[in-house]
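> task: produce atomic coordinates for the following.
(chains A, B, C and D)
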Protein chains: 2
Amino acid sequence: MLKNPVVLLDLISRLANLMRSEFRRVGSDEGLQPVHVQALLFLEQVNRFSNTPQALAEYLGLTKGTVSQSLLLLDRRGLIERYQDEIDRRVVRLRLSTLGEAFLNESNPSGLWHTATRDISANRVRYSVSVLRAALYELQGFTGGPVFGVCNTCVYCQRKSQRIHHCTWFGERLSGPETRKICRDQVPKTGSLSAAD
Amino acid sequence: MLKNPVVLLDLISRLANLMRSEFRRVGSDEGLQPVHVQALLFLEQVNRFSNTPQALAEYLGLTKGTVSQSLLLLDRRGLIERYQDEIDRRVVRLRLSTLGEAFLNESNPSGLWHTATRDISANRVRYSVSVLRAALYELQGFTGGPVFGVCNTCVYCQRKSQRIHHCTWFGERLSGPETRKICRDQVPKTGSLSAAD
DNA sequence: GTTCATAGTATCGAATCGATACAAAATTTT
DNA sequence: AAAATTTTGTATCGATTCGATACTATGAAC
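Predicted structure coming up:
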């Protein structure tokens, strides 16, 4: 008997494999490997508390040494910028350069994904997101790594007014767009995992 | 604005990355790389029409040359067996060896996934499966590759009696367990993509 | 101030991966 | 039937990722 969770895992693996191929295709013009495209997409989505080599390594499930190499290449190509953190001078902050943003806009790595999911209703997407998010949260708990998640589904994300949010974890103000990015230290709100939001 | 399909893609990527790490961990004792574990899992799930190097290459999104190398390694380790097809003598058929099955049973590569999804209801899993299956079907259409899917959700899979099924595509009889495996030439039944089954 | 932990880099060897070329079998065309 | 073409899989090569280890620099603990 083929258990349903196995089927789900198989679908996830296969989708990831296909997108990996797509990333390879998309990056081939610039001589970029799939992992480089993934790194750029990460930097596009991540918030300003989590844009470090360490976070990227944990996100990709690779060692920091490996990721350091990839970042070196992206830096040499001028696709990213690295700068020192103001407070903790050990940490390096990463951001997309203008060239990097241009590359993502032109090559559009997730374009194929968009067209493939075009006909799936927003409700069905939301529902699946909540299921996968639950699985991810559990999985991240077991592996001991940090928990990546969208900022505005986090218990520490407080809405102060219509436009102003506040993160009680880092103790900083957040703009609206910032709350839709991915954070390394997210703690899901109760209920956001068990029900479709 | 972070669009929901992007969030879904991000979740899938991240889950795949984590499972890839898990596969690396699981295979390290035997000196196996993640891709080897994936190959073994593929052979565990695939039906007897699709257990070829070519199918595996398409499933993994790699070239046949690359996959040929991985199969060589798995063969040397005695984890798989390769034998010629009776009818078309160009094609090589693959199957797990006793050792290969034992490795999967002992190392249990999807064990972590099982525990992580333990508390997700069967209904929610089924629903997500139907959504991801729709995305996969679309994606596979664009990339031109074959369409992998579970046999019993295929239009060619006919139920003759309680125990006997028939594939009108390959023109062969199928046992019950066989209809729950993955086929390379699956064509989803209408409705199985748009609604939770 | 000494010790320890953390973030990142450098270097090295092992292994994947794609590209190309190749061999063998099947299919199609002539 | 014979030749050309297609398909399936393998072999070899170089480029690149990747983990492991060692190392530097900064911060934290005591």
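> switch to C-alpha atoms for all contacts and neighbour counts from now on
Noted.
> where does the residue positioned nearest the centre of chain A fall, secondary structure wise?
Closest to where the C-alpha atoms of chain A average out (C-alpha atoms, centre = their mean) is A:Phe42, at 4.6 Å. In the assignment (DSSP states H and E), A:Phe42 maps to helix A:34-45.
> right, and the helix or strand after that helix?
helix A:53-60.
> give me the pLDDT value at the closest residue to the residue nearest to the centre of chain A other than its chain neighbours.
In this structure, A:Phe42 finds its nearest non-sequential neighbour in A:Leu56, 7.4 Å apart by C-alpha to C-alpha, 6 or more residues apart in numbering or on different chains. Note for A:Leu56: predicted pLDDT of 95.
> isn't A:Leu56 right up against A:Ala39?
Yes. If you go by C-alpha atoms under 8 Å, A:Leu56 and A:Ala39 touch, sitting 7.1 Å apart.
> where does pLDDT dip in chain A?
Applying pLDDT under 70 to chain A flags the ranges A:1-3, A:190-197.
> so the nearest residue to A:Tyr59 once chain neighbours are set aside, which state does it fall into?
The shortest distance from A:Tyr59 to any non-neighbouring residue, by C-alpha to C-alpha, 6+ apart, is to B:Arg14 (6.7 Å). Look at B:Arg14: counting by DSSP: H, G, I helix; E, B strand; the rest coil, its state is helix.
> I figured B:Arg14 was touching A:Leu56, is that so?
No. With contact defined as C-alpha under 8 Å, B:Arg14 does not count as touching A:Leu56 (11.0 Å).
> comparing those two, which residue is more hemmed in?
A:Leu56 (24 against 21; other C-alpha atoms under 10 Å in any protein chain shown).
> quick one: the more buried one from DNA strand D, how far?
To DNA strand D, A:Leu56 is 11 Å away according to C-alpha to the nearest atom of the strand, to the nearest Å.
> which parts of the strand or helix carrying A:Leu11 are buried?
Element membership of A:Leu11 [criterion: DSSP H and E] is helix A:4-28. Using 16 or more other C-alpha atoms under 10 Å in any protein chain shown as the test for burial, helix A:4-28 gives A:5-27.
> could you do stretch A:89-99 as well?
A:Val92, A:Arg93, A:Leu94, A:Arg95, A:Leu96, A:Ser97.
> which of those lies closest to A:Ala116?
A:Leu96 (26.5 Å; C-alpha to C-alpha).
> that closest one and A:Leu41 touch, don't they?
No. Here A:Leu96 lies out of contact with A:Leu41, judged by C-alpha under 8 Å, at a distance of 9.4 Å.
> re earlier: is the helix holding A:Leu11 anywhere near DNA strand D?
No. On the criterion C-alpha under 7 Å from any atom of the strand, helix A:4-28 is out of touch with DNA strand D, staying 10.3 Å away.
> for that helix, packing partners?
The helices and strands touching helix A:4-28, judged by 3 or more C-alpha pairs under 8 Å, 6 or more residues apart in numbering or on different chains; DSSP states H and E, are helix A:34-45, helix B:4-28, helix B:53-60, helix B:111-116, helix B:122-143.
> what's A:Ser50 sitting at in phi/psi?
Note on A:Ser50: its backbone torsions stand at phi -130, psi 20 [degrees, to the nearest 10].
> so how far is B:Val37 from the residue lying closest to it once chain neighbours are set aside?
Among residues not flanking A:Ser50 along the chain, A:Arg184 sits closest, at 5.4 Å (C-alpha to C-alpha, 6+ apart). Distance from A:Arg184 to B:Val37, counting by C-alpha to C-alpha, to the nearest Å: 29 Å.
> which bits of chain A sit near DNA strand D?
Residues of chain A found near DNA strand D (C-alpha under 7 Å from any atom of the strand) are A:31-33, A:35-36, A:61-63, A:65-67, A:70, A:87-90.
> redo that, cut-off 6 Å
Residues of chain A lying close to DNA strand D by C-alpha under 6 Å from any atom of the strand are A:Gln33, A:Val35, A:Leu62, A:Thr63, A:Gly65, A:Thr66, A:Ser70, A:Ile87, A:Asp88, A:Arg89, A:Arg90.
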